[in-house]
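Peer 1: give me the fold of what follows.
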Amino acid sequence: MTEHEHVRVAVIGSGFGGLGAAVRLRREGVTDFVVLERAGSVGGTWRDNSYPGCACDVPSHLYSFSFAPNPDWPRAFSGQRHIRAYLEHVADVFHLRRHIRFDSEVKLMTWDAEQLRWEIETSGGRLTADLVVSATGPLSDPRIPDVPGLDSFPGEVFHSARWNHDHDLRGKRVAMVGTGASAIQIVPAIQPQVGRLTLFQRTPPWVLPRVDRAISGAERALHRALPFTTRLRRGLLWGIRELQVQAFTKHPDELNLVEQLAKRNMARAIKDPALRAKLTPDYRIGCKRILLSSEYYPALAKPNVDVVASGLAEVRGSTLVGADGSETEADTIVFGTGFHVTDMPIADRVVGADGRTLAEAWKGGMEALRGASAAGFPNWMTIIGPNTGLGNSSMILMIESQLNYLADFVRQLDVLGGRAALDARPAAVRDWNHRVQERMKRTVWSTGGCTSWYLDDNGRNSTIWPGTTSEFRRATRRVDLAEYEVLRARKKVDA
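Peer 2: So this is what the prediction gives:
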């Protein structure tokens, strides 16, 4: 990029959100935009997470764009390699690569109130933009807990999202820290090759079988020949999940049957009563993300696997100490401890109209109008923003709804004409988030008796959407100008 490049729109990130925004902008006739990507290729989460066993827990035909259906998904639940290839395909088919600036990590974005534009500093140069679309995603920056003595560990240490493929685990004593969606895929993938595997579990997850299978050649041929069958398959998958939403958001007691299915899933593989007790959650199913795996429990029952049900408390050289005082020797530590979700690092790099960073504005908790616009940050939108996450369906549905909102945001700026900007009114942001949080009180995420990554440091759920995807789509179909302050560039007065 040139030193003084100016674009109409700057999109941050090239995962599902960033590529989706780029496609939508082109469809709206906007071609003066760039996609700023800190890495050397597209893919976002599905580029960074390449650990053994990495796969999606949402059915393939629902975990893809409605405007870019893929009739050739190889499995009901596709693996990381195929999802990343799909995103590369989207970048090619929609001619997005000409807009992408690789190796361009955003260092700072500052709002220029005089010029009504964003000044952006990246590792690849400087530019300005009228509108910024932040699509960095909540699962992009790994979180490693501050474990006392970790620096003294003589072996290899890495996070699941930064897997060291050069490190050979064969015969090694491996400690897996965490029991989230990544860990339950990693454990069965590496268990057969390691010498000893110790799982440090702070909180056991609820795990249901993942009913995965290969999609036959005949099915794929049918989807290619009759595209409406792909749409029908996607629609059925969507409809089933929409019907499930009320159990999570209004009637958590309806999840009791699902809880019994999860217990039976565990009992089939875990015959040792003591181990079963360690693995049985003490909170209602759905309070934390329900995980899908048919291999996790069988792997934990293998003789070379131990479960420390108290979490990792300290590291003393090669000795790992559990919170229960137990000691384990290890050669390698793998952290599957999640991401900076409610404290996204990008928020420290966005400076708004009043000189505050987004992180400072969100110190009491993330809030954004319709999950997109933050007060005091004009012409700035986020994809997968506050309270847009899902507990039971595909995030692609939410992303596409936010792309509708982005498209109308651009249209509204066109209608206003001249140099204009839209800044979400604080009252509108408060009203939207008050309604969201009132609905949240009845949900399983609030009443289920767990502490999850959905909650911020104040115990507030600023992550999940407490409704159906169709409700969210209706809420983001249009931009209501009454919820925004219209800013105009000041006219220069001749002396």
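Peer 1: mind listing what Trp407 touches?
Peer 2: Slight slip there: residue 407 is Ala, not Trp. Going by CB atoms under 8 Å, 6 or more residues apart in numbering, Ala407 touches 24, 27-28. For glycine as for every other residue, the C-beta is placed from the backbone atoms N, C-alpha and C.
Peer 1: I'd like the mean pLDDT over the helix or strand where it lies, please.
Peer 2: Using DSSP states H and E, Ala407 falls within helix 395-416. The predicted model assigns helix 395-416 a mean pLDDT of 97.
Peer 1: after that helix comes which helix or strand?
Peer 2: strand 420-424.
Peer 1: the inter-axis angle of the helix or strand just after that following strand versus strand 420-424?
Peer 2: Using DSSP H and E, the next helix or strand after strand 420-424 towards the C-terminus is helix 426-440. Put simply, helix 426-440 runs at 40 degrees to strand 420-424, going by axes from the mean of the first three to the mean of the last three CA atoms, to 10 degrees.
Peer 1: pull out the buried residues from helix 426-440.
Peer 2: 428-429, 432-433, 436-437, 439-440 (16 or more other CB atoms under 10 Å).
Peer 1: contacts for whatever helix or strand comes next after it next, please.
Peer 2: Following helix 426-440 in sequence order, the next helix or strand is helix 444-447 (DSSP H and E). Counting by CB under 8 Å, 6+ apart, the neighbours of helix 444-447 from elsewhere in the structure are 247-249, 252, 255, 284-287, 391, 440-441, 452, 454, 461, 464, 466.
Peer 1: just give me how far the next helix-or-strand element following helix 444-447 sits from the chain centre.
Peer 2: Toward the C-terminus, helix 444-447 is succeeded by helix 469-475 as the next helix or strand (DSSP H and E). Here helix 469-475 shows a centroid-to-chain-centroid distance of 19 Å under the convention CA atoms, centre = their mean, to the nearest Å.
Peer 1: name the residues that touch helix 469-475?
Peer 2: Residues from elsewhere that reach helix 469-475 (CB under 8 Å, 6+ apart): 238, 241-242, 370-371, 388, 390, 393, 397-398, 400-401, 404, 465.
Peer 1: in the stretch 201-350 of the chain, which spans are helices?
Peer 2: 217-225, 227-249, 256-269, 273-279, 296-300 (DSSP state H, counting those that start in this stretch).
Peer 1: mind giving me the packing neighbours of the shortest one?
Peer 2: Using 3 or more CB pairs under 8 Å, 6 or more residues apart in numbering; DSSP states H and E as the contact test, the elements touching helix 296-300 are helix 183-190, helix 256-269, helix 273-279.
Peer 1: give me that answer again for 6 Å
Peer 2: Packing contacts for helix 296-300, counted by 3 or more CB pairs under 6 Å, 6 or more residues apart in numbering; DSSP states H and E, involve helix 183-190, helix 256-269.
Peer 1: do the same with the second one
Peer 2: With contacts defined as 3+ CB pairs under 6 Å, 6+ apart, helix 227-249 has these neighbours: helix 217-225.
Peer 1: and the angle from the helix it packs on to helix 227-249?
Peer 2: Using the same axes, to 10 degrees: helix 217-225 against helix 227-249 is 100 degrees.
Peer 1: check the offset of helix 217-225 from the chain's centre.
Peer 2: 31 Å.
Peer 1: next one: stretch 237-250
Peer 2: Per CA atoms, centre = their mean, the centroid offset for stretch 237-250 relative to its chain is 20 Å.
Peer 1: contact partners of that stretch?
Peer 2: Residues outside stretch 237-250 that contact it (CB atoms under 6 Å, 6 or more residues apart in numbering): 59, 62, 254-255, 286, 391-393, 442-444, 466, 468.
Peer 1: that older thread, a markdown table for the helices of the stretch 201-350 of the chain, including mean neighbour count and distance to Gly137?
Peer 2: Listed next are the helices of the stretch 201-350 of the chain as a markdown table, based on neighbours: other CB atoms under 10 Å; distance: least, CB to CB, whole Å:
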| stretch | mean neighbour count | distance to Gly137 |
| --- | --- | --- |
| helix 217-225 | 13 | 28 |
| helix 227-249 | 17 | 21 |
| helix 256-269 | 15 | 28 |
| helix 273-279 | 15 | 30 |
| helix 296-300 | 22 | 25 |
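Peer 1: of all those, which lies closest to Val174?
Peer 2: With CB to CB, the closest approach to Val174 among the helices of the stretch 201-350 of the chain belongs to helix 296-300: 12.4 Å.
Peer 1: now do the closest one: everything it contacts.
Peer 2: 184, 187-188, 191, 207, 266, 269-270.
Peer 1: try stretch 88-108
Peer 2: 1, 12, 14, 19, 22-23, 33-38, 40, 42, 68, 121-124, 349.
Peer 1: and it, what's buried?
Peer 2: Neighbour count says stretch 88-108 has 88, 90-91, 94, 96, 99-101, 104, 106 buried, by 16+ other CB under 10 Å.
Peer 1: redo the helices and strands packed on helix 296-300 as a markdown table? Include distance to Gly364.
Peer 2: Formatted as a markdown table, the helices and strands packed on helix 296-300 follow (distance: least, CB to CB, whole Å):
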| stretch | distance to Gly364 |
| --- | --- |
| helix 183-190 | 31 |
| helix 256-269 | 34 |
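Peer 1: out of those helices, the one nearest Trp362 is which?
Peer 2: Of these, the one closest to Trp362 (CB to CB) turns out to be helix 183-190, at 28.3 Å.
Peer 1: mind saving the C-alpha coords of the closest one as CSV?
Peer 2: Coordinates of the C-alpha atoms in helix 183-190 are reproduced here as CSV (Å, rounded to 0.1, in the frame of the first residue of the first chain):
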residue,chain,number,x,y,z
ALA,A,183,-9.2,-30.2,23.6
ILE,A,184,-11.9,-32.8,23.1
GLN,A,185,-10.7,-33.1,19.5
ILE,A,186,-7.0,-33.1,20.3
VAL,A,187,-7.2,-35.7,23.0
PRO,A,188,-8.4,-38.6,20.9
ALA,A,189,-6.2,-37.5,17.9
ILE,A,190,-2.9,-37.7,19.9
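Peer 1: next secondary structure after that helix?
Peer 2: Taking DSSP H and E, what comes next after helix 183-190 is strand 196-200.
Peer 1: partner strands of that following strand, with direction?
Peer 2: According to DSSP bridges, strand 196-200 forms sheet pairs with strand 173-177 (parallel), strand 305-308 (parallel).
Peer 1: what about the longest one, distance to the chain center?
Peer 2: Counting by CA atoms, centre = their mean, strand 173-177 is centred 25 Å from the centre of its parent chain.
Peer 1: and what of stretch 197-204?
Peer 2: 23 Å.
Peer 1: what of stretch 180-198?
Peer 2: Worked out by CA atoms, centre = their mean, stretch 180-198 lies 22 Å from the chain centre.
Peer 1: what average pLDDT does that stretch get?
Peer 2: Mean predicted lDDT for stretch 180-198 stands at 97.
Peer 1: show me where pLDDT drops low in the chain?
Peer 2: Segments of the chain classed as low confidence (criterion: pLDDT under 70) are 1-3, 491-495.
Peer 1: returning to that earlier point: now, of the contacts of helix 469-475, which are buried?
Peer 2: 238, 241-242, 370-371, 388, 390, 393, 397-398, 400-401, 465.
Peer 1: if anything else comes up later, I'll come back, but that's it for now.
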